[in-house]
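J.: What follows is a predicted structure for the sequence shown.
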Amino acid sequence: MSDTVTKTDGRVERGNQTRRLVLGRTMDIASVEGLEGLSLGRIATELKLSKSGVFALFGSKEELQLSTIRAAAAVFAENVVTPLKDVPPGARRVRELCRNWLTYSSERVFAGGCFFYAVSAEFDARTGPVHDAVARTRRDWNAYMESSLTEAQAVGDFAGDLDVEQLAFEVIALMEAANAQSVLLGDTQTYDRAERGITARLRASATDRGRVDLDAE
């Protein structure tokens, strides 16, 4: 019995390792070429895996695409959101959230810059499960930025009449503009410009208390 369990556990772990290997590669491919650049055969060939083994893990191109989106969301959260776990709600937390995003893009956590910016442009006018998964991640990110601003407003760091949705839209737009110009033109200064623009926009909406936190290092 124990031998059977050991063999089963070994197969499961090998499958998990293969899955991580595959998704590590598909995330980078998709960030550069888009999700349509993925195929079971291509991945098997590039990683020197059996096509049948890759098929057994994912089953179809669509499932490979969906799994890649889920894996990328986890990587995004690890780099942008998780580092804030000990930072209390407020203007400083919003500032650090924005800085984490700019660092995530500028340090090329994904080869093509922001994974979700790239695949959103690819699937924005389509329909189907992959479009829906991409759209869901975008909505979740917008909602997270809005909730972070709302929490900061609640503790007195932003004005009571703040239009949270508008500010979140503008801040995210500056981030994505920096990502797009950096990827296309190789202009790394865009991140400094984006941070200056974001800081100015946050300070304009902040209370005196919030500005102190925004200006603190």
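T.: Here it is on my side, so go on. Numbering: from 1, shown residues only.

J.: What segments of this structure are helices?
T.: Assigned by DSSP state H, the chain shows helices spanning 2-33, 40-46, 51-58, 61-76, 91-106, 115-123, 129-154, 164-185, 189-205, 208-215.

J.: Flag whichever of these has the least confidence on average.
T.: Of all the helices of the chain, mean pLDDT reaches its minimum on helix 2-33 (a mean of 80).

J.: Neighbours of the nearest residue to residue 29 once chain neighbours are set aside, how many?
T.: Spatial nearest neighbour of residue 29, chain neighbours left out: residue 37 (5.3 Å); criterion: C-beta to C-beta, 6 or more residues apart in numbering. Where C-beta positions appear, they are placed from N, C-alpha and C, glycine not excepted. Residues within reach of residue 37, counting by other C-beta atoms under 10 Å, total 14.

J.: sorry, back to before: export the helices of the chain as TSV, with columns for distance to residue 84.
T.: Putting the helices of the chain into TSV (distance: least, C-beta to C-beta, whole Å) gives the following:
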stretch	distance to residue 84
helix 2-33	22
helix 40-46	33
helix 51-58	32
helix 61-76	13
helix 91-106	6
helix 115-123	18
helix 129-154	9
helix 164-185	15
helix 189-205	16
helix 208-215	14
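
J.: export those helices to CSV and tack on distance to residue 82 and mean neighbour count?
T.: Below are the helices of the chain laid out as CSV (distance: least, C-beta to C-beta, whole Å; neighbours: other C-beta atoms under 10 Å):
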stretch, distance to residue 82, mean neighbour count
helix 2-33, 17, 14
helix 40-46, 28, 16
helix 51-58, 26, 16
helix 61-76, 10, 19
helix 91-106, 9, 21
helix 115-123, 16, 20
helix 129-154, 12, 17
helix 164-185, 18, 18
helix 189-205, 20, 17
helix 208-215, 21, 16
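
J.: With residue 83 as the reference, name the closest of the ones you listed.
T.: Nearest to residue 83 among the helices of the chain is helix 91-106 (5.9 Å), distances taken as C-beta to C-beta.

J.: who's in contact with the residue nearest the centre of the chain?
T.: With distances taken as C-alpha atoms, centre = their mean, the residue of the chain nearest its centroid is residue 76 (3.5 Å). Listed by C-beta atoms under 8 Å, 6 or more residues apart in numbering, the contact set of residue 76 reads 104, 115, 116, 137, 141.
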